[in-house]
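Undergrad: Here is my input; please provide its structure:
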Amino acid sequence: MNYKNWILLGLLYWGSIPLAAAQEQARITQLELGLLRGKTKAPWEEGTLNRLNFSFSTFRGKELRPNHYLGIHLGYDHYTNVKILPIGLGWRGFLGDEIGSKWMGGVNFGYGTTFLEVRKRTEWSSTWQEGGVYFHPFLGVHLPAKKGKWALTASAGYKWQPSNFFEGTHSQLESRPKIHPFWTRDLLPEGFSSLNKISTLFQSLSFQVGVQF
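TA: Alright, predicted model coming up:
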């Protein structure tokens, strides 16, 4: 079983925990807007390009032990040439007094999907984008509101996220081969006579602000 199946099974398991048990645990929801700053190797060139990209994420977690939460992380990362939707698991931990500001740490990891990207087909060729496993640790602060059960959050971290662009030639005219949504093997998929792959690794410093309730 490959890593993608383990990630999907983990999400299904976490979402299937009985509601009665979940009601006994505290829950948090975190919504964040952010920027991803880094350098990316320019396609077909030796140089690199500076970039600043938009990011949005949400986290829904359950308290496993005091100040430690495990849950599901969903996001949207808008890079210059590809839009990636991260789907995975996340952890949040808090350090400080019950009243007042706290230090916050966390990590998100899972698989970055490319469902929003259009797969283009002609009589003789197909092009499409794929994502990959992402990893995003960060540190920040948790600032509770004076009134109400919500707080502001701010964090900085590091995000590691790959992307792949595929361009394939069909083995027969108008054969329109079926592309598996998570195809990343080196062998040719059925219906193709050739396939080119361009891999890009996005390594970014992340800066996020958000609200937790």
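Undergrad: Who are the packing partners of the host helix or strand of residue 210?
TA: Using DSSP states H and E, the element containing residue 210 is strand 192-212. Identification of packing neighbours for strand 192-212 by 3 or more C-beta pairs under 8 Å, 6 or more residues apart in numbering; DSSP states H and E yields strand 27-41, strand 48-65, strand 133-144, strand 151-170. In short, each C-beta sits where N, CA and C put it, glycine included.
Undergrad: In the protein, which residue is most central in space?
TA: Residue closest to the mean C-alpha point of the chain, counted by C-alpha atoms, centre = their mean, is residue 86 at 2.2 Å.
Undergrad: Report the beta-bridge partners for residue 151.
TA: residue 144, residue 212 (DSSP bridges).
Undergrad: isn't it right up against residue 209?
TA: No: Residue 151 lies out of contact with residue 209 (C-beta atoms under 8 Å); the separation is 11.7 Å.
Undergrad: Number of residues surrounding the residue lying closest to residue 35 once chain neighbours are set aside?
TA: Excluding its sequence neighbours, the residue lying closest to residue 35 (C-beta to C-beta, 6 or more residues apart in numbering) is residue 207, at 5.0 Å. For residue 207, the neighbour count with other C-beta atoms under 10 Å is 18.
Undergrad: So residue 207 is in contact with residue 37, correct?
TA: Yes: between residue 207 and residue 37 there is a contact under C-beta under 8 Å: 7.2 Å.
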